[in-house]
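Undergrad: Have a look at this fold, sequence not included:
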């Protein structure tokens, strides 16, 4: 079982100091994929970085600017990925602050992942400075942020490690309140599992997802996240073994306890598992793996 953390206290538009170097402002965009809203993070003092500006809501832009202390400036705008609850406010914030936008541009495969299983996609997202592949280290007067490529939820997903607090801004890669949606072809289960292993190996003290509260018991939480995916994989394999070869027949059984509004996204996640299982030679199908394919065990 994943030890979900869902308790969070905030007021929309208010700025909360949540750690010595981190402030958070939550946008008023709650929903089945955003939980209580997008948490925009302000890192540092004096010259600050803003992580995941959020949806294009004028009141949220005003709240971010109001959260700055007198004389403070925004030196970096960082975006974890291109979904509409994360990136659209980057350009309006840039227009107010002049700060460059950092992130990874939308890949071609994202255009094929436009089924409404998320809060929507900002397909035009293109940063000023590319962080694709990770490895970049960005610095302010009292903070250091390292870009870590974590593809899986999307092909262009980037997490940001705050060295001074051994913390990770995990975007939608790992969330305390829920599992993460993997929507092929932009989402990739094989990449996602490898990215989870990468985060686990770093030994972070705290995860700050863009939605919901922080995760403070990081290693057991990530291990549970991985175990959940492997358990779901085993359930998918069992369903195929029982003759349920189509994804549409599996989802009502596998996700019976999940809000039906999330079933379309669940179907895409099962497809992600199927693509991964076909790659690994455990499952086979005729032609390319798709939502309507008929799957069977290999061998």
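TA: Ah, there it is. As the structure is a prediction and not an experimental result, all values here were calculated from the model. Numbers count the residues shown, from 1 in each chain.
Undergrad: would you list every one of the helices in the stretch 101-250 of the chain?
TA: 189-202, 218-241, 247-254 (DSSP state H, counting those that start in this stretch).
Undergrad: What separation is there between the most centrally placed residue in the chain and residue 281?
TA: Nearest residue to the geometric centre of the chain (C-alpha atoms, centre = their mean): residue 172, 1.5 Å. Distance, residue 172 to residue 281, by C-beta to C-beta, to the nearest Å: 30 Å. All C-beta atoms are positioned from the backbone trio N, CA, C, and that covers glycine.
Undergrad: Residue 30 now?
TA: 42 Å.
Undergrad: what's the burial count for the closest residue to residue 232 other than its chain neighbours?
TA: On the basis of C-beta to C-beta, 6 or more residues apart in numbering, the spatially nearest residue to residue 232 that is not a chain neighbour turns out to be residue 273, at 6.6 Å. Other residues within reach of residue 273, judged by other C-beta atoms under 10 Å, total 24.
Undergrad: would residue 273 count as being in a helix?
TA: Yes: per DSSP: H, G, I helix; E, B strand; the rest coil, residue 273 lies within a helix segment.
Undergrad: That one against residue 236, yeah?
TA: Yes: assessed by C-beta atoms under 8 Å, residue 273 is found in contact with residue 236 at 5.0 Å.
Undergrad: Let me know whether residue 21 touches residue 46 as I believe.
TA: No: Residue 21 lies out of contact with residue 46 (C-beta under 8 Å); the separation is 11.4 Å.
Undergrad: Give the residues shared as contacts by these two.
TA: residue 142 (C-beta atoms under 8 Å, 6 or more residues apart in numbering).
Undergrad: the more surrounded of the two?
TA: residue 21 (20 against 13).
Undergrad: show me the contacts for that one.
TA: 43-45, 142-143, 162, 164-165.
Undergrad: Now do residue 292: how many residues are near it, please.
TA: The number of residues near residue 292, taken as other C-beta under 10 Å, comes to 8.
Undergrad: Give the full set of residues in contact with it.
TA: By C-beta under 8 Å, 6+ apart, residue 292 lies in contact with 246-248.
Undergrad: Just the buried ones out of these, please.
TA: Using 16 or more other C-beta atoms under 10 Å as the burial test, the contacts of residue 292 include residue 247 as buried.
Undergrad: Pick the one among the contacts of residue 292 closest to residue 188.
TA: Distance to residue 188, by C-beta to C-beta, is smallest for residue 247 among those, at 16.7 Å.
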